[in-house]
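**Student:** structure here, sequence nowhere to be found:
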């Protein structure tokens with residue numbers, strides 16, 4: 001169940017050794033929540049201390065203070081696969097961002113992200129979705145689509161028309177609120193559809209659904225691959 005929309009403060013770890021950045025991130029997390037989002041409490045600590053804290057489910061990782069960013073994220077994901085990571089890193093490094101998302105990061109922010117965007121990204125991750133520049137999400141999905149054996153889903157799960165619509169929007173990295181808006185349904189109804197999709201596909205979470213989107217059987221059930229090809233073909237023909 002999502003921790004979204006709860007009055008109990010959520011503890012969010014901050015992994016950075018730059019005092020000014022730490023102060024800025026703490027200020028962002030301590031801001032008054034909006035739209036019913038959860039209040040947040042920043043937690044400071046060193047790498048081992050934060051990863052050993054079993055009460056932490058969210059961690060902001062500052063790559064500006066760490067030259068081996070991808071290795072750090074991979075190490076965290078191996079140790080704490082349950083921990084949702086929000087990564088702050090350099091601009092215009094698409095290869096790094098894709099690697100980080102595939103390694104388990106739930107959000108990526110570059111150094112020019114303003115406080116409002118940073119807080120929004122954290123709230124989106126807490127809601128159970130992912131956050132990254134749209135163009136990079138598209139590249140991520142295309143990369144996953146090219147890997148046929150990345151998912152254990154080998155059968156053709158039966159999906160209703162509404163479940164297909166929800167799955168396609170999930171593969172486009174839309175949060176539940178945006179899915180509800182586009183489909184004209186309640187957010188609680190979207191959550192119910194997501195739950196059924198998880199059960200039918202065997203995925204553990206929304207990231208699992210995204211990874212499962214690389215499987216031809218699931219794509220065929222959702223009729224997504226053909227639409228993506230048609231969209232790309234139309235885009236190419238206009239160039």
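**Tutor:** Noted; the coordinates are in hand. Note that the structure is a prediction, hence the values are computed from the model and not measured.

**Student:** how does this structure divide up, domain by domain?
**Tutor:** 10-132, 142-238 (automatic domain parsing).

**Student:** any chance of those in JSON lines, plus mean pLDDT?
**Tutor:** Listed next are the domains of the chain as JSON lines, based on pLDDT from 0 to 100:
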{"stretch": "domain 10-132", "mean pLDDT": "86"}
{"stretch": "domain 142-238", "mean pLDDT": "67"}
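
**Student:** now these as TSV including mean neighbour count?
**Tutor:** For glycine as for every other residue, the C-beta is placed from the backbone atoms N, C-alpha and C. Shown next, in TSV, are the domains of the chain (neighbours: other C-beta atoms under 10 Å):
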stretch	mean neighbour count
domain 10-132	17
domain 142-238	16
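
**Student:** any chance you could map the strands in this structure?
**Tutor:** Secondary structure of the chain (DSSP state E): strands at 10-15, 40-44, 58-62, 84-89, 105-110.

**Student:** columns distance to residue 97 on top of those, output as JSON lines?
**Tutor:** Shown next, in JSON lines, are the strands of the chain (distance: least, C-beta to C-beta, whole Å):
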{"stretch": "strand 10-15", "distance to residue 97": "18"}
{"stretch": "strand 40-44", "distance to residue 97": "24"}
{"stretch": "strand 58-62", "distance to residue 97": "13"}
{"stretch": "strand 84-89", "distance to residue 97": "7"}
{"stretch": "strand 105-110", "distance to residue 97": "5"}
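
**Student:** separation between the residue most central in space within the chain and residue 169?
**Tutor:** The structure's the chain has its C-alpha centroid closest to residue 130; by C-alpha atoms, centre = their mean the separation is 1.9 Å. According to C-beta to C-beta, to the nearest Å, residue 130 and residue 169 sit 13 Å apart.

**Student:** in contact with residue 80, which residues?
**Tutor:** The contact partners of residue 80, taken as C-beta atoms under 8 Å, 6 or more residues apart in numbering, are residue 51.

**Student:** hmm, residue 63 and residue 90 touching each other?
**Tutor:** Yes: contact criterion C-beta atoms under 8 Å: residue 90 and residue 63 qualify, at 7.1 Å.
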